[in-house]
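Participant: structure for the following, please:
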Amino acid sequence: MEHFRQHPPHDVTTAFIGKLNRLKRQSRRRACKRSLAAQLRRSDTLDISDAIRVGAWNLVDWAHWRQQPSLAPLTRNDRMSIKFEVLAYEDTQLGILCLRRRLTLREPQRWVTEVTLNHEFLMSSLHTDSEEALAKLAIERVPGKELHILVGGLGLGYTAAAALDSDRVTKVEVVEFLPQVIDWMNADLIPLSERLKDDSRLTVVQGDVYERLLSAPSQLRWDAILIDVDHSPEDQLSSSDHGLYSALGLKLATKHLRPGGILALWSYEGNDQLADAMRSTMVEVDVLPVKYYNQHVSESFTDWLFVGKCAE
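Facilitator: Below you'll find the predicted structure:
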């Protein structure tokens, strides 16, 4: 009773709502800081305006972050780009999708194309080493000629282009969930648009690659299947788990491969559970780090490729 004398019901409710709002703000901070950390991997700037807008960072956070010793200090010669273009800004099934391009901070003559989803960094043309390696390392493991490659996720097109670089490849089919991303390529809004459209070996279709791989296969079998859709098995774009990363999901996916075919998946972080699930369903599995150095933030990063081979 003493508690209620000091805190009438209205005050209790107000205190509860206040605590709930604080928890929400903390959750947003954690989510946004994860997004900002991911953005640093491939970019040279942060969406600080977005971070401040959702309440994840304030100016004190920004000042503290800029003082980290891992970052090269900004000099008088560093300047914000005066050229920034939003090429597309659309509401999609997954949220607000933005395609933009800009001149970089420290190489003012260099254009970078970037994609954000719900104001969180998704991909960039600044560093594409691991996206290209996903195709190259998979195709290296497949013998023979006239190879057929299935790619999950178009994005900015670097995985598909790397697959087309091989003269042993005669067919590349890309399954892209968002029709807006396909429209970008057709409208010449991404750097590789012309190169991709001019290659008769390439077909891009709208669809859900996970749904396709977890369904019964058609008569067509693939020599390699390359998946670069989610950030990682633990950080998926969709709010619901599609199930591909489980042993059962992988077993269903491999039915779409020819004997000896390769399944390769991209992730920004390692994942022992995925590696174990692949080893339980495939005969040869490699977990390959792809390291690269982002000179704009003076830091090295590692992406991960999970590459498995089906039984002959």
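
Participant: contacts and neighbour counts: CA atoms only from here.
Facilitator: Noted.

Participant: can you mark which positions in stretch 126-139 are buried?
Facilitator: For stretch 126-139, burial by neighbour count (16 or more other C-alpha atoms under 10 Å) applies to 126-128, 130-139.

Participant: can you flag which of those belong to strands?
Facilitator: For these, not one is inside strands, with DSSP state E as the criterion.

Participant: want to throw the residues you listed into CSV with distance to Lys309?
Facilitator: Below are the buried residues of stretch 126-139 laid out as CSV (distance: C-alpha to C-alpha, whole Å):
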residue, distance to Lys309
Leu126, 30
His127, 27
Thr128, 24
Ser130, 19
Glu131, 19
Glu132, 19
Ala133, 16
Leu134, 14
Ala135, 14
Lys136, 15
Leu137, 12
Ala138, 9
Ile139, 11
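
Participant: narrow the residues you listed to those in helices?
Facilitator: Here DSSP state H is the test, and the buried residues of stretch 126-139 give 130-139 as lying in helices.

Participant: in what element of secondary structure is the residue lying closest to Lys255 once chain neighbours are set aside found?
Facilitator: Spatially, and ignoring its direct neighbours in sequence, Lys255 is nearest to Pro217 (6.6 Å; C-alpha to C-alpha, 6 or more residues apart in numbering). For Pro217, there is no helix or strand it lies in under DSSP states H and E.

Participant: any regions of the stretch 201-312 of the chain where pLDDT drops low?
Facilitator: Applying pLDDT under 70 to the stretch 201-312 of the chain flags the ranges 239-240.

Participant: could I get the full set of strands for it?
Facilitator: Ranges of strands in the stretch 201-312 of the chain, per DSSP state E, counting those that start in this stretch, are 202-206, 222-227, 257-267, 284-294, 299-309.

Participant: mind listing what the shortest one pairs with, with the direction of each?
Facilitator: The strands beside strand 202-206 in its sheet (DSSP bridges) come out as strand 169-176 (parallel).

Participant: got it, and the last one?
Facilitator: Based on DSSP bridges, the pairing partners of strand 299-309 within the sheet are strand 257-267 (antiparallel), strand 284-294 (antiparallel).

Participant: so Val86: helix, strand or coil?
Facilitator: Look at Val86: counting by DSSP: H, G, I helix; E, B strand; the rest coil, its state is strand.

Participant: can you report how many residues neighbour it?
Facilitator: 13 (other C-alpha atoms under 10 Å).

Participant: ok, what's across the strand from it?
Facilitator: Arg100.

Participant: contacts only, for it.
Facilitator: Counting by C-alpha atoms under 8 Å, 6 or more residues apart in numbering, Val86 makes contact with 98-101.

Participant: pick the most buried one from the strands of the stretch 201-312 of the chain.
Facilitator: Comparing the strands of the stretch 201-312 of the chain by mean neighbour count (mean count of other C-alpha atoms under 10 Å), strand 222-227 comes out on top with a mean of 26.

Participant: just the CA trace of that one, in CSV.
Facilitator: C-alpha atoms of strand 222-227 as CSV (Å, rounded to 0.1, in the frame of the first residue of the first chain):
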residue,chain,number,x,y,z
TRP,A,222,22.0,-27.1,-62.3
ASP,A,223,25.8,-27.5,-62.2
ALA,A,224,26.0,-24.9,-59.5
ILE,A,225,23.6,-22.9,-57.3
LEU,A,226,24.8,-19.7,-55.9
ILE,A,227,22.9,-18.0,-53.1
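
Participant: which residues touch the residue nearest to the spatial centre of the chain?
Facilitator: With distances taken as C-alpha atoms, centre = their mean, the residue of the chain nearest its centroid is His231 (4.4 Å). His231 makes contacts with 237, 266-268, as judged by C-alpha under 8 Å, 6+ apart.

Participant: hmm, try it at 7 Å
Facilitator: Applying C-alpha atoms under 7 Å, 6 or more residues apart in numbering, we find His231 in contact with 267-268.

Participant: how about Gly270?
Facilitator: Applying C-alpha under 7 Å, 6+ apart, one finds that Gly270 lies in contact with Trp304.

Participant: quick one on the thing from earlier: confirm for me that the residue nearest to Lys255 is in contact with His256.
Facilitator: Yes - the pair Pro217 / His256 is scored as a contact, 5.4 Å apart, by C-alpha atoms under 7 Å.

Participant: who has more neighbours, the two?
Facilitator: Just comparing Pro217 and His256: by other C-alpha under 10 Å the higher neighbour count belongs to His256, 25 against 15.

Participant: how near is the more buried one to Thr92?
Facilitator: His256 sits 29 Å away from Thr92, going by C-alpha to C-alpha, to the nearest Å.

Participant: for Leu288, same thing?
Facilitator: For Leu288 relative to Thr92 (C-alpha to C-alpha), the value is 33 Å.

Participant: cool, thanks, talk later.
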